[in-house]
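> Any chance you could fold what I've pasted below:
(one chain, ligands or ions: 2)
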Amino acid sequence: MTGVATERVNQRLEALHQRLAANSLSGHWQRRERPQPLQPCLWPWSVIHSCLEESGEVVALGSAGEATARRTVQLINPALTVQKATTRTFQVSIQLVKPGETAECHRHTFNAMRFVIQSKGMYTTAEGEQMIMEPGDLLIQPGWAWHDHTNKTNEPAIWLDLLDHPLTRYLDSMFSEVYAEGVAQPITKPDGYSRRRFGTVRPKTDAIENKAVAFSYKWKETLPVLEKLAAEESYDPYDGVLLEYTNPLTGGATLPTIGAWVQMLRPGETTRPHRHTSCAVYHAVQGRGVTILGKGEGKEFPWGEKDCLFVPAWYWHQHRNLSSREPAILFSITDRPTIQTLGFYREEKE
Ligand code: GTQ
Ligand code: FE2
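Ligands and ions are numbered 1, 2, ... in the order given. Here you go, the predicted model:
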């Protein structure tokens, strides 16, 4: 083509781009803005906790005036400040309810789990059932279950909120309702109602209608499983002694969108590196260690008790327990159920 012909084509191309844009169209050949890739991120507990404590002094809980419906400090991924989210699909926040307070009753389409950090008999009521919160317990309130949190003890209660809220917002399916008949719902079910009906030994029924039910997993039952499997050397080279909190109805993932896992790294253990197309947020329950991200010249993320660490999808990672005497325990949540359901799950092992 001659210089003049090329110039003519360029002019037409420029005009075409303008016309496409003016009509909400675009050419495949046109560049788009790439979203920022998610980076690893560590949130030390000392910082989370001091901010949470401070919020306890200056942020009122409730529905009046400036008060907030939930007093939480949210883990924000540096690449997701606009969305105010921990990952693209789930949110991890740390909630504080002080003595005498109630986080008022409501329900929403997104699912919620709570991993208890500090509580001496605080409880959440879900669908009319009071569920006591003890450190290490995991509670589930599936979408559209009424829930409120009441602290009648004389100690502040703190836990992790694990929510698929960002995914429901992305899908335009986030709706919620405030309970109209009071701050807390009435307790209408006896203690242990759900555990009796949905545990592994349960009434024989042909059809369980719901896909998810309010439930609680007790730490005093989980910890001995970790300890005994460790003693039996029943471990995975990539994850140590790894347990999944299975959905009581399906036996599958904890929630359709988020899996909750807990793992024990035996004294001195270093897991082998692997990577997968799901991401995870870890919370150290006990012990001290380091997570090595990347292969070869991996970057080390040291963690201690209660610290939180985000490991993005497709990052090589391995964990090391820095103690030669004590086991380390990591609780984690992962978007793997979402990724797997959609057929995007891949894994590479070294
Ligand atoms: O405790 O019900 O962190 O509805 C965000 C939304 C906690 C809760 C959060 C919620 C809750
Ligand atoms: Fe809620």
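
> Contact residues of this protein facing ligand 1?
Taking Cβ under 6 Å from any ligand atom as the test, the list of the chain residues beside ligand 1 reads Arg70, Thr72, Ser93, Gln95, Ala103, His108, Ala112, His147, Asp161, Leu163. For the C-beta atoms, the positions are set from N, CA and C on the backbone; glycine is no exception.

> Most neighbours of all these, which one?
Leu163 (27 neighbours; other Cβ atoms under 10 Å).

> Can you tell me the element Val241 falls in?
strand 241-244 (DSSP states H and E).

> secondary structure element for the nearest residue to Ala85 once chain neighbours are set aside?
Computed as Cβ to Cβ, 6 or more residues apart in numbering, the closest residue to Ala85 that is not its neighbour in sequence is Pro166, at 4.1 Å. For Pro166, the host element (DSSP H and E) is helix 165-170.

> can I assume the residue nearest to Ala85 is in contact with Val82?
No. Here Pro166 lies out of contact with Val82, judged by Cβ atoms under 8 Å, at a distance of 11.3 Å.

> With neighbour numbers in mind, choose between those two.
Pro166 (21 against 6).

> quick one: contacts for the more buried one?
Leu80, Gln83, Ala85, Thr86, Thr87, Arg88, Thr89, Phe90, Gln91 (Cβ atoms under 8 Å, 6 or more residues apart in numbering).

> before we move on, the earlier item: and the following helix or strand past the helix holding Pro166, which strands flank it?
Downstream of helix 165-170, the next assigned helix or strand under DSSP H and E is strand 176-178. Next to strand 176-178 in the sheet, as set by DSSP bridges, lie strand 102-108 (antiparallel).

> helices and strands around the helix or strand just after the partner strand, which ones?
Heading C-terminal from strand 102-108, the first helix or strand you meet, by DSSP H and E, is strand 112-118. Applying 3 or more Cβ pairs under 8 Å, 6 or more residues apart in numbering; DSSP states H and E, one finds that strand 112-118 contacts strand 138-141, strand 157-163.

> circling back to that earlier point, now, which of the contacts of Pro166 lie within helices?
For those, not one is inside helices, with DSSP state H as the criterion.

> Looking at these, which are in strands?
Gln91 (DSSP state E).

> Pick the one among the contacts of Pro166 closest to Ser55.
Gln91 (16.8 Å; Cβ to Cβ).

> Let me see the contact set for that closest one.
Gln74, Leu75, Ala85, Asp161, Leu162, Leu163, Asp164, His165, Pro166.

> how about the strand holding Val241: buried residues?
Val241, Leu242, Leu243, Glu244 (16 or more other Cβ atoms under 10 Å).

> What distance do you get for the first one to ligand 1?
When distance is defined by Cβ to the nearest ligand atom, to the nearest Å, Val241 is 29 Å away from ligand 1.

> swap in the second one?
Taking Cβ to the nearest ligand atom as the criterion, Leu242 is separated from ligand 1 by 26 Å.

> can you give me the end-to-end distance of stretch 286-301?
16 Å (Cα to Cα, to the nearest Å).

> Which parts of the stretch 1-150 of the chain are helices?
Listed in chain order, the helices of the stretch 1-150 of the chain (DSSP state H, counting those that start in this stretch) span 3-22, 45-58.
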